[in-house]
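**Student:** Sequence and predicted structure below; questions after.
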Amino acid sequence: MELRQLRYFIAVVQAQSFSRAAVDLHIAQSALSRQIKNLEKELGVTLLIRGVKNLHLTDAGNLLFKRALAVTQDLSDVTRELLAHPNVPKGNLRIGVLPFTGELLMPRILPGFTRKYPDVRIHLRSGVSSFINDWLMKDQIDIGILDSSRAAPNLISEKIAQGRMVVVLPSPEACKRLGVPEKELYEVEDLRHVPLILTSAGHTQRKLIEKAASERGFTPKIALEADNISIIAACVRAGVGCTVLAYSAIHNAVMRGEVRTAPLVNPEIFTDISIITKSGSPMTAAMQTMISHIKQGIWDLAENDRLPEQSFRIVTRRPK
């Protein structure tokens, strides 16, 4: 029995799908299936039963899953403790980032970081807050940058900035075709009949908009669901609909002239940007150094006036 097989087995169980687990593991589905079959053959038991929509663990599979989780967690803890001991950053560093930090902030800080700390191997994953929260919970990343309202109880969060949500609009011609009135600012009530492109139900952006709409007696009109901010921006630009996002998430597209924004009021809706780590996990030198660089990068962006102050506010002290 190999550690790799245990990790593959855990991934399949957690994803409830061989195909999804293969994507997460960056391997071919056929190779993943072969490894699980080899594990079952070696142990002489059936571990998984494939159902129509999901997978079911046998009693033996359930026992192995619990033991495998404990083994891999112990190994991960040992690795982190050893990496946390030296003062020089090194080793693997896995970071889950929001589109804003992935597209605007990280390219700003990574060149200097990688030159200074060449022994740190960085793996970036980008997604919405609920995805990043899930990656942290499954120990798939070391640091997450997300809205802390999505952080699970056993995660440690430090708020670094607050963002204001804005209405994101296509061209005036597209707005006219969609029946969206041209206004300098929009109240939530104005969105009653606007075709919106939103993230899936349960994501932070969607929940905030639905809550504000519900308080005003309507349900948002969903033209399209997408969980990738770049896709949402592209669809707004194409005239599929409008959206509501934290300004920081759409800043690059605005600067490129792809979309327009207008303030959202009555009520104003805010989200935060926080650095999240898992409680009880050792803080390695690489993690500590990267967190400092992220904070410094946020401050540099704010001071250089690249983000409108009314839409993006720093809430943490400047790093020394």
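**Tutor:** Here it is on my side, so go on. Numbers count the residues shown, from 1 in each chain.

**Student:** quick one, helices of the stretch 201-320 of the chain?
**Tutor:** Remark: helices assigned in the stretch 201-320 of the chain by DSSP state H, counting those that start in this stretch are 204-214, 229-237, 247-255, 285-303.

**Student:** Out of these, which is closest to residue 105?
**Tutor:** helix 285-303 (5.0 Å; Cβ to Cβ). Quick note: C-beta positions are derived from backbone N, CA and C, even for glycine.

**Student:** so which of the helices of the stretch 201-320 of the chain comes closest to residue 73?
**Tutor:** Distance to residue 73, taken as Cβ to Cβ, is lowest for helix 285-303 among those, at 17.4 Å.

**Student:** Next secondary structure element downstream of the helix or strand of the chain with the lowest mean pLDDT?
**Tutor:** The weakest-scoring helix or strand in the chain, judged by mean pLDDT, DSSP states H and E, is helix 59-84 (a mean of 76). Once the chain leaves helix 59-84, the next helix or strand it forms, by DSSP states H and E, is strand 91-97.

**Student:** List the neighbouring strands of that next one plus their orientation.
**Tutor:** The strands that strand 91-97 pairs with in its sheet are strand 120-126 (parallel), strand 143-146 (parallel) (by DSSP bridges).

**Student:** what pLDDT, on average, does whichever helix or strand comes after that strand get?
**Tutor:** Remark: after strand 91-97, the chain's next helix or strand is helix 99-100, criterion DSSP H and E. Averaging pLDDT along helix 99-100 yields 78.

**Student:** just stretch 5-25 next, same as before
**Tutor:** Averaging pLDDT along stretch 5-25 gives 86.

**Student:** quick one: residue 56 is in a strand?
**Tutor:** Yes - counting by DSSP: H, G, I helix; E, B strand; the rest coil, one finds residue 56 located in a strand.

**Student:** Contact partners for it?
**Tutor:** By Cβ atoms under 8 Å, 6 or more residues apart in numbering, the contact set of residue 56 is 48-50.

**Student:** Now do it against residue 62, distance only.
**Tutor:** As judged by Cβ to Cβ, to the nearest Å, residue 56 and residue 62 stand 10 Å apart.

**Student:** and what of residue 208?
**Tutor:** With the distance defined as Cβ to Cβ, residue 208 ends up 38 Å from residue 62.

**Student:** which of those two has more neighbours?
**Tutor:** Higher neighbour count among residue 208 and residue 62: residue 208, with 19 against 13, using other Cβ atoms under 10 Å.

**Student:** so how many other residues sit close to the closest residue to that one other than its chain neighbours?
**Tutor:** What sits nearest to residue 208 in space, not counting adjacent residues and going by Cβ to Cβ, 6 or more residues apart in numbering, is residue 269, at 5.2 Å. For residue 269, the neighbour count with other Cβ under 10 Å is 18.

**Student:** likewise residue 95?
**Tutor:** Neighbour count for residue 95, taken as other Cβ under 10 Å: 25.

**Student:** and if you look at residue 164?
**Tutor:** Neighbours of residue 164 (other Cβ under 10 Å): 19.

**Student:** Could you pull up the residues touching the residue lying closest to it once chain neighbours are set aside?
**Tutor:** Once flanking residues are discounted, residue 164 sits nearest to residue 311: 4.5 Å by Cβ to Cβ, 6+ apart. By Cβ under 8 Å, 6+ apart, the contact set of residue 311 is 163-164, 166, 247-248.

**Student:** same check, this time on residue 162
**Tutor:** With contacts defined as Cβ under 8 Å, 6+ apart, residue 162 is in contact with 270-273, 312-313, 315.

**Student:** Check residue 45 too.
**Tutor:** 58, 60-61.

**Student:** State the helix or strand in which it lies.
**Tutor:** Per DSSP H and E, there is no helix or strand for residue 45.

**Student:** thought residue 183 was touching residue 263?
**Tutor:** No - counting by Cβ atoms under 8 Å, residue 263 is not a contact partner of residue 183; they are 9.6 Å apart.
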